[in-house]
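Participant: sequence and computational prediction follow.
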Amino acid sequence: MKLIKGDEVKVVAGKDKGKTGKVEVSYSKTNKVLVAGVNEYKRHQKGGMGNTRSEIITITKPLPVANVQLICPKCKKLTRVGYKMEKGVKVRVCRKCGKEI
């Protein structure tokens with residue numbers, strides 16, 4: 001997966017189109033990412049045996065990787081991720097400006 005934890009991304013499709021946020025978790029097996037403050041849903045939580053209260057909680061659900069795009073930290077543009085070998089180490093690079101991400 002080309003997006004990792006800590007990347008700044010922008011949502012390009014779906015109900016939260018246009019919002020930006022940081023990737024908190026990337027799920028490589030399902031090709032989804034959890035972005036802070038994006039794709040939030042309300043859930044009604046039922047109380048337990050007197051020790052927990054009934055409440056409405058907000059949960060964040062993962063988004064498909066195809067619905068988000070990386071914002072390059074150097075040029076601040078939406079970009080795709082490329083790879084380059086530098087001294088035997090694979091490095092992620094911006095497709096727009098060519099700088100290391």
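Facilitator: Looks like it came in fine.

Participant: make it CA atoms for all contacts and neighbour counts henceforth
Facilitator: Noted.

Participant: for the biggest strand by length in the chain, the averaged confidence score.
Facilitator: If you go by DSSP state E, the chain has its longest strand at strand 20-27. In this model, strand 20-27 has a mean pLDDT of 97.

Participant: which other residues reach it?
Facilitator: 3-11, 32-38 (Cα atoms under 8 Å, 6 or more residues apart in numbering).

Participant: run the last query once more with 10 Å
Facilitator: Contacts to strand 20-27, defined as Cα atoms under 10 Å, 6 or more residues apart in numbering, come from residues 1-12, 32-38, 62-65, 68-71.

Participant: can you flag the buried ones in those residues?
Facilitator: Neighbour counting by 16 or more other Cα atoms under 10 Å classes 3, 7-12, 32-36, 38, 62-65, 68-71 among those as buried.

Participant: quick one: which of these sit in strands?
Facilitator: Using DSSP E, the subset of the buried ones among the contacts of strand 20-27 located in strands is 8-11, 32-35, 63-64, 68-71.
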